[in-house]
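**Q** task: produce atomic coordinates for the following.
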Amino acid sequence: MPRPSLRTRSRKRRRVKSSGGRVETHYGKEKTGFSRCARCGRALSGLPRSNPSGLRKLPVSQRRVERMYGGHLCHSCLRDLLKQAARDI
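**A** Here you go, the predicted structure:
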């Protein structure tokens, strides 16, 4: 029986024949969650749903959104903060 962390359907399973002739089950990694906005917690659009090692393999332009606070705030929270900053000036 597999260990408890592998008894979940969120891991891909692959049946592989080993060199000894036995058929084994290889388990893939679980998908990571979406990046979230630091202010409201909404899932950020435009960012890949990938683990850190997968993000390192991407070019910088695909790792984050090219605007202020890209990758940290969603568009609506950024809009509210910019409005507030303009009113405070």
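**Q** can you show me the CA trace of stretch 40-57 as CSV?
**A** Output in CSV follows, covering the C-alpha atoms of stretch 40-57 (Å, rounded to 0.1, in the frame of the first residue of the first chain):
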residue,chain,number,x,y,z
CYS,A,40,-7.7,40.8,-1.5
GLY,A,41,-6.6,37.2,-2.0
ARG,A,42,-8.0,36.9,-5.5
ALA,A,43,-6.1,34.6,-7.9
LEU,A,44,-3.8,36.6,-10.1
SER,A,45,-4.3,36.4,-13.8
GLY,A,46,-1.5,36.3,-16.3
LEU,A,47,0.8,34.1,-14.1
PRO,A,48,1.6,30.5,-14.7
ARG,A,49,0.4,27.9,-12.2
SER,A,50,3.7,26.3,-11.7
ASN,A,51,6.1,25.3,-8.9
PRO,A,52,9.3,27.3,-8.2
SER,A,53,11.5,25.0,-10.2
GLY,A,54,9.2,25.3,-13.2
LEU,A,55,9.1,29.1,-12.9
ARG,A,56,12.9,29.3,-13.0
LYS,A,57,12.9,27.7,-16.4
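**Q** ranges for the helices of this protein?
**A** Assignment of helices within the chain using DSSP state H yields the ranges 52-56, 60-63, 75-88.
**Q** quick check: buried residues in the longest one?
**A** When you say that, I think you mean helix 75-88. Of all the residues in helix 75-88, those buried under the rule 16 or more other C-beta atoms under 10 Å are 75, 77-78. In this view, the C-beta of every residue, glycine as well, is placed from N, C-alpha and C.
**Q** domain parsing for this protein?
**A** 1-30, 33-89 (automatic domain parsing).
**Q** and stretch 76-89, what's its mean pLDDT?
**A** For stretch 76-89, mean pLDDT rounds to 96.
**Q** my bad, stretch 32-44
**A** 94.
**Q** might one say that Leu44 is in contact with Tyr69?
**A** No: taking contacts as C-beta atoms under 8 Å, Leu44 lies outside contact range of Tyr69: 10.4 Å.
**Q** run a quick neighbour tally on the nearest residue to Arg7 once chain neighbours are set aside.
**A** Nearest residue to Arg7 in three dimensions, chain neighbours excluded: Met1, at 8.0 Å (C-beta to C-beta, 6 or more residues apart in numbering). Per other C-beta atoms under 10 Å, the neighbour tally for Met1 reads 5.
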